[in-house]
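**Student:** What follows is a predicted structure for the sequence shown.
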Amino acid sequence: MPLVVVKSQIAAIVKEKVKEQESHVDNITNDFAPALDKKVREIISEAIKRASLNNRRTLMGRDV
């Protein structure tokens, strides 16, 4: 199954957030993207359950 998250986008977001937070994080390990992907899939699954419980066929921001 392909990753939901895009590795190049992760790097860009991390770089942006490090700058905003004046942090010193400068590396991302190879296991970060799959771990983030797993979390995103869990969030999507929970959102689907919430929409279903509310008798909706459309996912909305509030389901997250």
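**Tutor:** Arrived safely, thanks for sending. Owing to the predicted nature of the structure, the values given are computational and were not obtained by experimental measurement. Numbering: from 1, shown residues only.
**Student:** Leu3 is in contact with Ala33, isn't it?
**Tutor:** Yes: between Leu3 and Ala33 a contact is recorded at 6.2 Å, counting by C-beta atoms under 8 Å. All C-beta atoms are positioned from the backbone trio N, CA, C, and that covers glycine.
**Student:** who's more crowded, these two?
**Tutor:** Ala33 (18 against 14; other C-beta atoms under 10 Å).
**Student:** From the contact counts, what lies against the helix-or-strand element of the chain with minimal mean pLDDT?
**Tutor:** Lowest by mean pLDDT, DSSP states H and E among the helices and strands of the chain is helix 7-21, with a mean of 92. For helix 7-21, the elements it packs on are helix 32-53, judged by 3 or more C-beta pairs under 8 Å, 6 or more residues apart in numbering; DSSP states H and E.
**Student:** Buried residues of the helix it packs on, list them for me.
**Tutor:** Ala33, Leu36, Asp37, Ala47, Ala51 (16 or more other C-beta atoms under 10 Å).
**Student:** tell me the mean pLDDT for it?
**Tutor:** Helix 32-53 shows a mean pLDDT of 96.
**Student:** Residues in contact with that helix: which ones?
**Tutor:** Outside helix 32-53, the residues that touch it by C-beta atoms under 8 Å, 6 or more residues apart in numbering are Leu3, Val4, Val5, Lys7, Ile10, Arg57, Thr58, Leu59, Met60, Asp63, Val64.
**Student:** What is the neighbour count of the fourth one?
**Tutor:** This points to Lys7. Lys7: 15 neighbours (other C-beta under 10 Å).
**Student:** Ok, the fifth one next?
**Tutor:** A count of nearby residues for Ile10, using other C-beta under 10 Å, gives 16.
**Student:** where's it relative to Arg57, distance?
**Tutor:** 31 Å (C-beta to C-beta, to the nearest Å).
**Student:** do the second one as well
**Tutor:** From Val4 over to Arg57 the distance is 21 Å, taken as C-beta to C-beta.
**Student:** residue farthest from the centroid of this protein?
**Tutor:** For the chain, the largest distance from the centre (C-alpha atoms, centre = their mean) belongs to Asn55, which lies 25.1 Å off.
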